[in-house]
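Visitor: Structure for this input, please:
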Amino acid sequence: MAYSIEGISRVRIRPLVLDMAEGQPAASPGAMEVTWESTQTDCWHQVYVNGRLAGVTAEAEDRRLIVSAPAGRDGTRGLLLTEVIAVDAGDRWTDFSDELAGFAAERGARVRLTWQAGLYLDPRLESFNVFADGRTGEVDYETPLDEAPIPARPGGCEPWGYGCGGYGVGGYGAGAAVYEWTTEGLEPGEWRLAVVAIDKAGNRLALAAEVTVSVSPFPRPPSNFHVVGYDPLTAQTTLGWDPSPDV
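Guide: Numbers count the residues shown, from 1 in each chain. Just a heads-up that it's a prediction; the model follows:
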């Protein structure tokens, strides 16, 4: 067995809060308590946060671990995906992050594209497609990244742009509508992306708008989160951790 998720259930996450000095609000140390149930009695357990190894249990019977809580994909308010797996004693310190679906290091990060409708937002416009070069330097206009065309009029409603307050205040009306679409995880490296406007007959209405972006993988989270000291007179705790090797 390399690793297993069989028999692991009821994974729970609780943010940690430290009681600071009297009169001050409680503070979060940027860590969380992960608990779970497991029928794997002869295995150790590892906890992964957003696909990165965050901690390993000290004993086979442990069902609780304190791990760092890094920012999610969309910043500090983003979702944190926490996974618990069981491993044999010999694989206790083996990092299986590259084998967990969707979070291998080579997956890099998602890219959010925004563009303005411009003059080609007319009655013929039906949708948009996004294309990429696969890091080759030449965009492949045969295979779009989006699984389904991006509608120009979501829900059949006419989009309305900024600058609608009068003459000379930015773009005006539907032609100033701003669209947004986010890719799946792209491999680290330089990518060339393109947005193409499509009419109802499937024809392209204008030249593609291309942009070059540099994609980097997610940094590994801090590790070895621990308590350095505690002062009972002030109810203050001193914490320590090893910083991410990627920052």
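Visitor: these two touch, right, residue 93 and residue 57?
Guide: No: between residue 93 and residue 57 there is no contact, the gap being 11.6 Å when judged by Cβ atoms under 8 Å. Just so you know, the C-beta spots here come from the backbone N, C-alpha and C atoms, and that holds for glycine as well.
Visitor: Give me the more crowded residue out of the two.
Guide: Using other Cβ atoms under 10 Å, the more surrounded residue of residue 93 and residue 57 is residue 57, with 20 against 10.
Visitor: Residue 181 - how many residues pack around it?
Guide: When neighbours are defined as other Cβ under 10 Å, residue 181 has 17 of them.
Visitor: same question, residue 146
Guide: 15.
Visitor: Looks to me like it is in a helix.
Guide: No: assigned with DSSP: H, G, I helix; E, B strand; the rest coil, residue 146 falls outside any helix and is coil.
Visitor: Use 54 as the first number for this chain going forward.
Guide: With the count now opening at 54, the last piece we talked about shows up as residue 199.
Visitor: Which residue ranges make up each domain of this protein?
Guide: Following automatic domain parsing, one gets these domains for the chain: 61-157+278-295, 165-268.
Visitor: For residue 55, which of those domains is the nearest?
Guide: Closest approach to residue 55 among those (Cβ to Cβ): domain 61-157+278-295, 6.4 Å.
Visitor: Centre of the chain to the closest one, how far?
Guide: On the basis of Cα atoms, centre = their mean, to the nearest Å, domain 61-157+278-295 sits 18 Å off its chain's mean C-alpha point.
Visitor: same question for it, mean pLDDT?
Guide: Per-residue pLDDT values over domain 61-157+278-295 give a mean of 79.
Visitor: and the domains of the chain as CSV, adding distance to residue 55?
Guide: Listed next are the domains of the chain as CSV, based on distance: least, Cβ to Cβ, whole Å:
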stretch, distance to residue 55
domain 61-157+278-295, 6
domain 165-268, 23
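Visitor: so what does the top strand by length along the chain touch, helix or strand wise?
Guide: Longest strand in the chain, counting residues (DSSP state E): strand 242-252. Applying 3 or more Cβ pairs under 8 Å, 6 or more residues apart in numbering; DSSP states H and E, one finds that strand 242-252 contacts strand 165-169, strand 178-185, strand 262-268.
Visitor: Only the buried residues of it, if you could.
Guide: Buried residues in strand 242-252, counting neighbours by 16 or more other Cβ atoms under 10 Å, are found at 244, 245, 246, 247, 248, 249, 250, 251, 252.
Visitor: what does stretch 187-196 give?
Guide: Using 16+ other Cβ under 10 Å as the test for burial, stretch 187-196 gives residue 192.
Visitor: just the strands in this structure please.
Guide: Secondary structure of the chain (DSSP E): strands located at 61-68, 84-91, 97-102, 105-109, 117-121, 135-140, 165-169, 178-185, 203-204, 231-235, 242-252, 262-268, 276-284, 289-295.
Visitor: Just send those back as CSV, with distance to residue 191 too.
Guide: As requested, these are exported to CSV (distance: least, Cβ to Cβ, whole Å):
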stretch, distance to residue 191
strand 61-68, 44
strand 84-91, 44
strand 97-102, 36
strand 105-109, 33
strand 117-121, 41
strand 135-140, 37
strand 165-169, 19
strand 178-185, 10
strand 203-204, 22
strand 231-235, 21
strand 242-252, 8
strand 262-268, 11
strand 276-284, 41
strand 289-295, 42
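Visitor: wait, residue 121 sits on residue 295?
Guide: No: applying Cβ under 8 Å as the test, residue 121 and residue 295 come out as separate, 9.5 Å apart.
Visitor: okay, these two: which has more neighbours?
Guide: Per other Cβ under 10 Å, whichever of residue 121 and residue 295 has more neighbours is residue 121, with 20 against 11.
Visitor: Distance check, residue 269 against residue 206.
Guide: To residue 206, residue 269 is 35 Å away according to Cβ to Cβ, to the nearest Å.
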